[in-house]
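Participant: have a look at this prediction, sequence included:
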Amino acid sequence: MRRHILYLLGLSLSFFPVLGQNPSALLAKAEGAAVQQSAYSRIQMKAERPRYTREMELRSWNMGNAYSLVQIVSPERDAGMVYMKADKALMTYSPRTGKIMKLPSSMLMQGWMGTDAQFDNILGAASLSQDFTHQYLGKKTVNGQECHLIRCTPKPNTPVAYDHVDAYLSVQNDTWVRLVFLDKKGGVSQQMDALHFKRFDGVLMPDQIRFTAKEGNQTTTLTIMEWRKRPDLKASWFSEATMKNIDTL
């Protein structure tokens, strides 16, 4: 009996580190470092295909996940195009026509401009800490870093195209290292890997991110060239007037 009690005690102690983790708090801390901030950034993207390479440069303003505005700087044929997500509204502005068009929310699950990123990766995805339920699955080593593995399952009203997300968060610095988006059959729809980290405006974050599509034979690399806090941004700033006049602001 004594041996049996000691065995159960040892078993319970071995599970304590896992049970003691709060996955929601870990995700909130990872998102709070950069995602939930109001900020301006300048981004370069490079989509590599077997027969060609596509490059683009973007300017981005965001207020958390709910509000974001992205302007395409290059290539020249797309320069000046603006996309904006304002709460639940999604729209685009073309300087060539001078018109603003509303887009369906389903566009957020579509590919971004011929890359392996999706619209919601660029314009602000659902919050993993707020819009998903969480299950702590232990620790794994990913990209040379010891990580917390957390399974994120979307809440009923969260508009996403995947079944769940496996998030790998660095034990050392609380940033995300890998996000794997899986379908109902357990197949990988998309994978995001943080390849390098840099401190911008006092915030440590991934500054080089690789997107891999489900086929696995093509990738897109996103590089953050500049990032700074913009606490002055308000919800009212994300307007149709701003879309049309972003070059003068």
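Facilitator: Sure thing, it's come through.

Participant: residue ranges with poor pLDDT in this structure?
Facilitator: Within the chain, the ranges that satisfy pLDDT under 70 run 1-20, 33-34, 36, 125, 214-215.

Participant: redo that, cut-off 80
Facilitator: 1-21, 32-36, 106, 108-110, 120, 123-126, 159, 161, 214-217, 249 (pLDDT under 80).

Participant: give me the element Leu27 is part of.
Facilitator: helix 23-32 (DSSP states H and E).

Participant: does anything pack onto that helix? Which helices or strands?
Facilitator: strand 132-142, strand 145-154, strand 164-170 (3 or more CB pairs under 8 Å, 6 or more residues apart in numbering; DSSP states H and E). Where you see a C-beta, it was placed from the backbone N, CA and C, and this is true even at glycine.

Participant: list the neighbouring strands of the longest one plus their orientation.
Facilitator: In the sheet containing strand 132-142, its partner strands are strand 145-154 (antiparallel), by DSSP bridges.

Participant: for the partner strand, buried residues please.
Facilitator: Gln145, Cys147, His148, Leu149, Ile150, Arg151, Cys152, Pro154 (16 or more other CB atoms under 10 Å).

Participant: the chain: helices as residue ranges?
Facilitator: 2-19, 23-32, 119-123, 240-245 (DSSP state H).

Participant: who touches the second one?
Facilitator: Right, the one you point to is helix 23-32. 127-130, 134-136, 148, 150, 152, 167, 169, 174-176 (CB atoms under 8 Å, 6 or more residues apart in numbering).

Participant: apply 10 Å and report the result again.
Facilitator: Outside helix 23-32, the residues that touch it by CB atoms under 10 Å, 6 or more residues apart in numbering are 22, 36-37, 64-65, 127-130, 132-137, 148-152, 167, 169-171, 173-177, 203, 205.
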